[in-house]
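1. Here is a sequence together with a model predicted from it:
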Amino acid sequence: LGIPAIDIMDTSYGTPKPYTFGSHWHTMEDTPDKVSAESLESVGRLVELGLRTGAFVDLKVQNETTDDAPEDSQDDATESSPVEDTFGPQQLAFGVALVAILSVAVAVARRPKSP
């Protein structure tokens, strides 16, 4: 689909699953309280760096062409317009949602565990 995403995984948590080439895969039993504080800190720093540098918003838009559309030189000129380097409402909403999710995950990870 071409949707940019961050793969947030703690590959050293849990027991290895068979047929996964020695890595750890997430299941439906995975919850925020099982995420290590170290991985949350690392991911938080990467997300903060990405948000501060604008790494998540400088994306190239790929134009899809259909077989029904006639090819015209004027269409090619309009499709190659540059992408603006400004924050739009979608990027702002994405950033706020990402920070909120990470904040909840950090709060759950730092919560004292009952014996």
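-> It's in. Given the structure is predicted, the values throughout are model-derived calculations rather than measurements.
2. which residues sit against the biggest helix by length in the chain?
-> Criterion DSSP state H: the longest helix present in the chain is helix 89-110. If you take C-beta atoms under 8 Å, 6 or more residues apart in numbering as the criterion, helix 89-110 is touched by P32, D33, V35, S36, A37, L40, V43, G44, V47, L51, F56, V57. For every residue, glycine as well, the C-beta is placed using N, CA and C.
3. That helix: which residues count as buried?
-> Across helix 89-110, burial judged by 16 or more other C-beta atoms under 10 Å covers F94, G95, L98, L102, A105, V106, A109.
4. Now name the helix or strand holding F56.
-> Under the criterion DSSP states H and E, no helix or strand holds F56.
5. Could you report the separation of the residue lying closest to it once chain neighbours are set aside from K34?
-> Of all residues beyond its chain neighbours, the one nearest F56 is G50 (5.1 Å), with distances taken as C-beta to C-beta, 6 or more residues apart in numbering. Going from G50 to K34 by C-beta to C-beta, to the nearest Å gives 24 Å.
6. again with Q91
-> From Q91 over to K34 the distance is 30 Å, taken as C-beta to C-beta.
7. repeat for L98
-> For L98, the distance to K34 - C-beta to C-beta - is 20 Å.
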